[in-house]
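>>> Build me a model:
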Amino acid sequence: MDYSDVLAAASRIDGLVLRTPVLEVSPGLFFKLELLQHSGSFKVRGAFNRMLSAGELPSSGVIAASGGNHGLAVAYAARVLGVRAEIFVPEVTSPVKVAGLEALGAHITQTGAIYSEAAEAAAKRAAESGALAVHAYDQAEVVAGQGTTGLEIVEQTGGVDTVVVAVGGGGFASGITLGTSAPTPSPSSDPTPTPSLSPTPGSVAAPGSVAAPGSVATRGSGPRIIAVEPERIPTLHEALRAGHPVPVEVGGVAADALGATKIGTIAFEILSSPRVESVLVTDEAIVEARRTLWARHRVAAEPAGATAYAALLAGAYTPAPGERVAVVLCGSNTDPSTLTP
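The predicted model follows:
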């Protein structure tokens, strides 16, 4: 996969997804408000691209497994395209997301304790029904669709040094890595690129440590990507340590949206780039970031949607003076009553 796949996806889904706004909340700090997207998250981009790339959809429709947001996106896209959607979700899925699926007319099966168990059930059902499977993160069309967010970030900000994004299965972060990969001049005033402090692919910051400020790798290939995960679901972090995707335990406040047990194969290949650095944040930092987004900016984010911002607030990533940073706020499917203590 490469940048051209994302450009093709952008053309394919044009008019079906929102060009979500970017806000400069302080000098050089931008929020990409992907939580205002149809269905409440970026996921609809990949869902539409996968479905439209398939040609004529089967009479049995489409099927997906999801912690919630992907299911909502597939259900939304299926309704727009006039096909049946069958969605498998685990028991950990929030009531808000289940209610959203019902409102969209999806046929829902809630099974398994975590996403991977729901995914197994969905795969079995797809083989029986012949429905088109729309994977939450490990399909090329899905990754390319998510990457259209990256195209918009570059266009709307005029270019940034760093993009901070949450990681679950890795489809969104890998798509954004591709979507921001067109060669562009540095937006910073210093014409000399800052060398990467990590010569090995896929830099990993140890838990409790912080990413080095201002070290932008492979400038000609796009901005640095700070891939943020909860400490309790470190799929990319552990994969980079091991040199290949490995299963991890799933838990914590963002498990319903970031609860993949293993990083996707496509995502691991893309996120092993020297442009990418993996950092971890605590559940407490995610909760605080969510509350701060509401108190300071009146942005209502779910825990996964606030995870990228948590990296800045908690100091897991500290931008250098003058560094231009885009933080992607990726999901809003939450109960508003939980936004304050």
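>>> For the chain, which residues score under the pLDDT cut-off?
For the chain, applying pLDDT under 70 flags the ranges 183-220.
>>> Which residue ranges of it form strands?
Across the chain, reading from the start of the chain, the strands by DSSP state E fall at 22-26, 29-33, 62-65, 85-89, 107-110, 132-133, 162-166, 203-204, 224-230, 276-281, 325-329.
>>> Could you export those to a markdown table, including columns for mean neighbour count?
To be clear about C-beta, it is placed using only N, CA and C from the backbone, and glycine gets the same treatment. Shown next, in a markdown table, are those (neighbours: other CB atoms under 10 Å):
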| stretch | mean neighbour count |
| --- | --- |
| strand 22-26 | 14 |
| strand 29-33 | 22 |
| strand 62-65 | 29 |
| strand 85-89 | 27 |
| strand 107-110 | 16 |
| strand 132-133 | 18 |
| strand 162-166 | 28 |
| strand 203-204 | 24 |
| strand 224-230 | 29 |
| strand 276-281 | 26 |
| strand 325-329 | 27 |
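>>> Would you format the ones you listed as TSV with distance to residue 6 included?
Listed next are the strands of the chain as TSV, based on distance: least, CB to CB, whole Å:
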stretch	distance to residue 6
strand 22-26	18
strand 29-33	15
strand 62-65	21
strand 85-89	25
strand 107-110	31
strand 132-133	21
strand 162-166	14
strand 203-204	23
strand 224-230	14
strand 276-281	16
strand 325-329	15
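>>> Would you mind telling me which of the ones you listed is nearest residue 78?
Between residue 78 and those, the shortest gap by CB to CB is with strand 85-89, which sits at 3.6 Å.
>>> quick one: strands adjacent to the closest one?
Paired with strand 85-89 in the same sheet, following DSSP bridges, are strand 62-65 (parallel), strand 107-110 (parallel).
>>> Other residues contacting that strand?
Residues outside strand 85-89 that contact it (CB atoms under 8 Å, 6 or more residues apart in numbering): 61-68, 71, 74-75, 78-79, 97-98, 101, 104-112, 118-119, 121-122, 125, 129, 131.
>>> Can you report how many residues lie near residue 27?
For residue 27, the count of nearby residues is 7 (other CB atoms under 10 Å).
>>> gap between it and residue 55?
Look at residue 27 and residue 55: by CB to CB, to the nearest Å, they are 47 Å apart.
>>> same thing with residue 263?
Distance of residue 263 to residue 55, given as CB to CB: 29 Å.
>>> neighbour-wise, which of these two wins?
Set side by side, residue 263 and residue 55 give different neighbour counts by other CB under 10 Å, the larger being at residue 263 (33 against 7).
>>> who's in contact with that one?
Residue 263 makes contact with 167, 169-170, 235-236, 239, 245, 271, according to CB under 8 Å, 6+ apart.
>>> how does it look with 6 Å?
170, 235-236, 239, 245 (CB atoms under 6 Å, 6 or more residues apart in numbering).
>>> Walk me through the domains of the protein.
3-41+139-338, 44-133 (automatic domain parsing).
>>> Mind naming the longest helix for the protein?
Using DSSP state H to define each element, the chain has its longest helix at helix 140-157.
>>> Residue 43 contacts residue 69, correct?
Yes. Taking contacts as CB atoms under 6 Å, residue 43 lies within contact range of residue 69: 5.0 Å.
>>> Those two: which has the busier surroundings?
In terms of neighbours (other CB under 10 Å), residue 43 is the more surrounded of residue 43 and residue 69; the figures are 35 against 31.
>>> Not counting sequence-adjacent ones, nearest residue to that one?
Once flanking residues are discounted, residue 43 sits nearest to residue 73: 3.5 Å by CB to CB, 6 or more residues apart in numbering.
>>> How much space separates that neighbour from residue 277?
Note on residue 73: its distance to residue 277, by CB to CB, is 27 Å.
>>> got it, and residue 168?
Here residue 168 is placed at a distance of 17 Å from residue 277 (CB to CB).
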